[in-house]
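Visitor: What follows is a predicted structure for the sequence shown.
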Amino acid sequence: MLELAILGFLSDHPLHGYELRKRVAALMGHVRPVADGTLYPAIKRLAAAGWVTRKDEPGVAAAPRRVLYLTGEGREELERRLREPADLDISDENRWFTLLAFLRHLDEPDAQAAVLRRRLAFLEEPTSFFYDGERPMAAEEFADPFRQGLLVIAQATSHAELTWLRNTIAELEKAPAAG
């Protein structure tokens, strides 16, 4: 997801490493802090793959700064990752939010809707954090107010996301096809 975030932010516009780190941390840092020891090796991998290029540009003071640009191949890779997300990118909430942050970079409404339909199908499956055998347990089944709270909050969040997904898919289905 770090690589997807890098490609996505650079698709918006070129950034120097420090600014990219701040943006990635704002998006993903609440889950996993983004350290230089993680970010810069990822940038090197993307540059080695030909998806990112670095150029030295004059800095505000005297020192030049290295600015990162997304290449044409990098844009193609970003679009591929958005169009064909892994199952974990759909089911894991943190990975999903990173994917969702950049889904607008897919130009075709039908491709965007296809990704949203996968998330919708995942969320429509009965699930819980707690089970009685194979049966998912509901909040009302617990006397424990903390487990009740966990399930009530998760249910409310899922309900809000399901509503948004259905509405957004309907809007995307109305959009004219790109081309």
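Guide: Structure received.
Visitor: so residue 36 touches residue 24, yeah?
Guide: No - here residue 36 does not reach residue 24: they are 11.2 Å apart, not a contact under CB atoms under 8 Å. (Each C-beta comes from the backbone N, C-alpha and C, glycine too.)
Visitor: who has more neighbours, the two?
Guide: residue 24 (22 against 10; other CB atoms under 10 Å).
Visitor: Could you tell me what pLDDT the model assigned to that one?
Guide: pLDDT recorded at residue 24 is 91.
Visitor: now residue 134
Guide: Value listed for residue 134 in the pLDDT field: 88.
Visitor: now it: how far from residue 15?
Guide: Between residue 134 and residue 15 the computed distance is 48 Å (CB to CB, to the nearest Å).
Visitor: Tell me which of these two has more neighbours.
Guide: Shown here are residue 134 and residue 15; by other CB under 10 Å, residue 15 has more neighbours (19 against 5).
Visitor: With residue 141 as the reference, measure out to the residue nearest the centre of the chain.
Guide: Centroid-nearest residue in the chain, with CA atoms, centre = their mean: residue 98, separated by 1.5 Å. Residue 98 is 33 Å from residue 141, where distance means CB to CB.
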